[in-house]
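> Test case, fold it:
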Amino acid sequence: MKLGILKFSSLNLAVKDIPKLRGFVSGKFSQYDILHNHKKNGKVIARYPLIQFKIIDKSPVIIAITDKAIDIFSEIFLKLDEIDIAGTTIPVYEKDLKIENFTAGYSRETFVYQFTSPWLALNQDNYAKYRTTESFEEKQILLESILTRNIQSMSGGIGIWLEKTQRIKTKLKFRKTYVKLKGNTMSGFLGTFKTNYIIPDYLGLGKSTSRGFGTVKKLL
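Now for the predicted structure:
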């Protein structure tokens with residue numbers, strides 16, 4: 001399977017500007033719903049985002065996963081000569097496009113990953129459960145079960161289906177943090193985790209992965 005990385009080396013954007021970059025690019029190329037995950041009637045398309053916007057090594061980056069997503073990269077690469085962030089037009093002088101094959105899926109080995117951006121694990125339902133869970137151990141068990149489901153969802157989203165006998169296991173070390181999303185303060189988590197699933201670097205897990213949250217990188 002292929003992964004594309006489009007890096008804007010000449011741009012210096014803050015993490016808070018990534019949603020604005022995503023909004024600008026998805027608006028400019030609105031004919032591709034894979035960029036914004038909305039139908040023409042405005043309804044959200046519930047699926048794992050195959051195009052994700054991030055900050056990597058201090059530069060804004062667009063990640064495309066699978067051939068379907070990479071197919072539109074050539075047009076973005078050719079036509080995106082400037083971006084608009086909150087009314088400020090910024091010329092794009094340098095763009096680097098790299099396409100590589102990646103491996104993902106269940107493994108008999110265990111790997112260690114780090115969240116390089118806050119993982120948004122909690123929704124309305126499990127936030128209430130997390131909040132009323134008193135012990136740290138119980139919170140960890142809850143978050144590990146959510147992380148396992150996030151990995152399963154990501155796997156299906158990129159077209160890798162698990163066999164019934166392939167059980168994903170996770171072990172999480174975390175610390176809580178807070179992030180701003182759409183003007184609201186939300187709970188997020190940073191830290192490391194072990195799992196028996198091969199996750200390509202820079203893919204996201206959890207909520208708002210298209211905006212750069214929950215980005216992971218392999219440590220061991």
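
> what's the neighbour count on residue 103?
As a burial measure, residue 103 scores 10 neighbours (other CB atoms under 10 Å). No exception for glycine: its C-beta is placed from N, CA and C like everyone else's.

> tell me the secondary structure for it?
coil (DSSP: H, G, I helix; E, B strand; the rest coil).

> for the lowest-mean-pLDDT helix or strand in the chain, packing partners?
In the chain, the helix or strand scored least confidently by mean pLDDT, DSSP states H and E is helix 73-79, which has a mean of 81. Applying 3 or more CB pairs under 8 Å, 6 or more residues apart in numbering; DSSP states H and E, one finds that helix 73-79 contacts strand 2-7, strand 59-65, strand 96-101.

> Convert the C-alpha atoms of the longest helix anywhere in the chain to CSV, please.
Assignment by DSSP state H gives helix 136-157 as the longest helix of the chain. What follows is helix 136-157, C-alpha atoms only, in CSV (Å, rounded to 0.1, in the frame of the first residue of the first chain):
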residue,chain,number,x,y,z
PHE,A,136,-5.8,5.6,37.6
GLU,A,137,-5.7,1.8,36.8
GLU,A,138,-9.4,1.9,35.7
LYS,A,139,-8.8,5.0,33.6
GLN,A,140,-5.9,3.2,32.0
ILE,A,141,-7.9,0.1,31.2
LEU,A,142,-10.7,2.3,29.7
LEU,A,143,-8.2,4.3,27.5
GLU,A,144,-6.5,1.1,26.4
SER,A,145,-9.8,-0.3,25.2
ILE,A,146,-10.5,2.9,23.3
LEU,A,147,-7.0,2.8,21.8
THR,A,148,-7.6,-0.8,20.7
ARG,A,149,-10.8,0.2,18.9
ASN,A,150,-9.1,3.2,17.3
ILE,A,151,-6.5,0.9,15.8
GLN,A,152,-9.1,-1.5,14.6
SER,A,153,-11.0,1.4,13.0
MET,A,154,-7.9,2.8,11.4
SER,A,155,-7.1,-0.7,10.0
GLY,A,156,-10.5,-1.1,8.4
GLY,A,157,-10.3,2.5,7.1
